[in-house]
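Student: mind looking at a prediction? Sequence and model below.
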Amino acid sequence: GKYVDSEDYFHLLAEKISASGYLQQAEIYIDGFYSFSPQEYQIIQELATHCKRVTIALTTDRPSFATVPDELDLFRASNEICST
């Protein structure tokens, strides 16, 4: 009860997104990430459910939706997001 860490803030944010009238008409752009934590995925899922549009920009040479990227691939982390 006394201490708060960043994971608590992420959880609180994910819970409150559905109650925000401001976010219902918002277009969200997410850029500068090459991976996401489980809490960040939860926030993205809530944003995608309750916002007008969510766009995620990833750095990759080609999206890999059907296969798991090679472990030595330069864009492996970004492509793992595409394959999940």
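Tutor: Okay, I see it.

Student: pull out the buried residues from the helix or strand harbouring Lys16.
Tutor: Using DSSP states H and E, the element containing Lys16 is helix 6-16. In terms of neighbour count (16 or more other Cβ atoms under 10 Å), helix 6-16 has its buried residues at 10, 13-14. Glycine gets a C-beta too; all of them are placed from N, C-alpha and C.

Student: can you tell me what sits against the helix or strand of the chain with the lowest mean pLDDT?
Tutor: The weakest-scoring helix or strand in the chain, judged by mean pLDDT, DSSP states H and E, is helix 76-83 (a mean of 77). The contact list for helix 76-83 (Cβ atoms under 8 Å, 6 or more residues apart in numbering) reads 34-36, 56, 58-60, 63-70, 73.

Student: check stretch 21-31 too.
Tutor: By Cβ under 8 Å, 6+ apart, stretch 21-31 touches 17, 44, 47, 50-57.

Student: can you count the residues close to His79?
Tutor: Quick fix: residue 79 is Asn, not His. Using other Cβ atoms under 10 Å, Asn79 has 24 other residues around it.

Student: burial measure for the nearest residue to Thr59 once chain neighbours are set aside, as a count.
Tutor: If the residues on either side of it in the chain are set aside, Thr59 comes closest to Ser78, at 5.5 Å by Cβ to Cβ, 6 or more residues apart in numbering. When counting by other Cβ under 10 Å, one arrives at 20 neighbours for Ser78.
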